[in-house]
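> Test case, fold it:
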Amino acid sequence: MEALLLINDPKLDGTTIVHELPNEGSKMDFESGLHDLVGYLRGKLHNHDLNIRLVVNEKMETKRAFTPQDRYNRLNQINPQLDTLRRTFDLDF
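Next comes the predicted model:
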């Protein structure tokens, strides 16, 4: 479930979370744990109107980082403080 959630960033449309997956197989795997995930989120967020809609987009490009520089750039997009840490300790990639 975690790997499928990390494929793409979910988008919020009102009280519906829209999550895009690359193929039907991924959608079926995700749907197997969907009921538990929705129940957990509804309880934690105190929002019982919450729903998750899955969309299959086979033309979706997966963002993979192959080189250390690509990995660093991806992590820096997620958390810009990483660059401050790198400069503070004079680290390489």
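> Going by C-alpha atoms from here, please, whenever you check contacts or count neighbours.
Noted.
> Now do the strands in this protein.
In the chain, the segments counted as strands under DSSP state E are 11-13, 16-21, 51-56.
> Please compute how far the shortest one lies from its chain's middle.
Distance, stretch centre to chain centre, for strand 11-13: 13 Å (CA atoms, centre = their mean, to the nearest Å).
> Now tell me what touches it from outside.
17-19 (CA atoms under 8 Å, 6 or more residues apart in numbering).
> ok, 10 Å please
Strand 11-13 is contacted by residues 17-20, 51-53 when judged by CA atoms under 10 Å, 6 or more residues apart in numbering.
> Buried among these? Make that a PyMOL selection.
Remark: buried members of these, expressed as a PyMOL selection using 16 or more other CA atoms under 10 Å:
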select buried, resi 17+18+19+20+51+52
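> show me what contacts Thr16?
By CA under 10 Å, 6+ apart, Thr16 lies in contact with 49-53.
> Kindly reformat the strands of the chain as CSV and extend each row with distance to Gln81.
Below are these laid out as CSV (distance: least, CA to CA, whole Å):
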stretch, distance to Gln81
strand 11-13, 24
strand 16-21, 27
strand 51-56, 31
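> And for Pro80, the neighbour number?
Applying other CA atoms under 10 Å, we find 12 other residues in the vicinity of Pro80.
> residues in contact with it?
Neighbours of Pro80 in contact, by CA under 10 Å, 6+ apart: 73-74.
> Ile17 versus Gly25, what's the distance?
Gly25 is 20 Å from Ile17, where distance means CA to CA, to the nearest Å.
> what comes up buried for the helix or strand bottoming out on mean pLDDT in the chain?
Among the helical and strand segments of the chain, the one scoring lowest on mean pLDDT, DSSP states H and E is helix 68-78, with a mean of 86. With burial defined by 16+ other CA under 10 Å, the residues of helix 68-78 counted as buried are Asn73.
> roughly how far apart are the residue lying closest to Ser26 once chain neighbours are set aside and Asp83?
Excluding its sequence neighbours, the residue lying closest to Ser26 (CA to CA, 6 or more residues apart in numbering) is Leu4, at 7.1 Å. Between Leu4 and Asp83 the computed distance is 27 Å (CA to CA).
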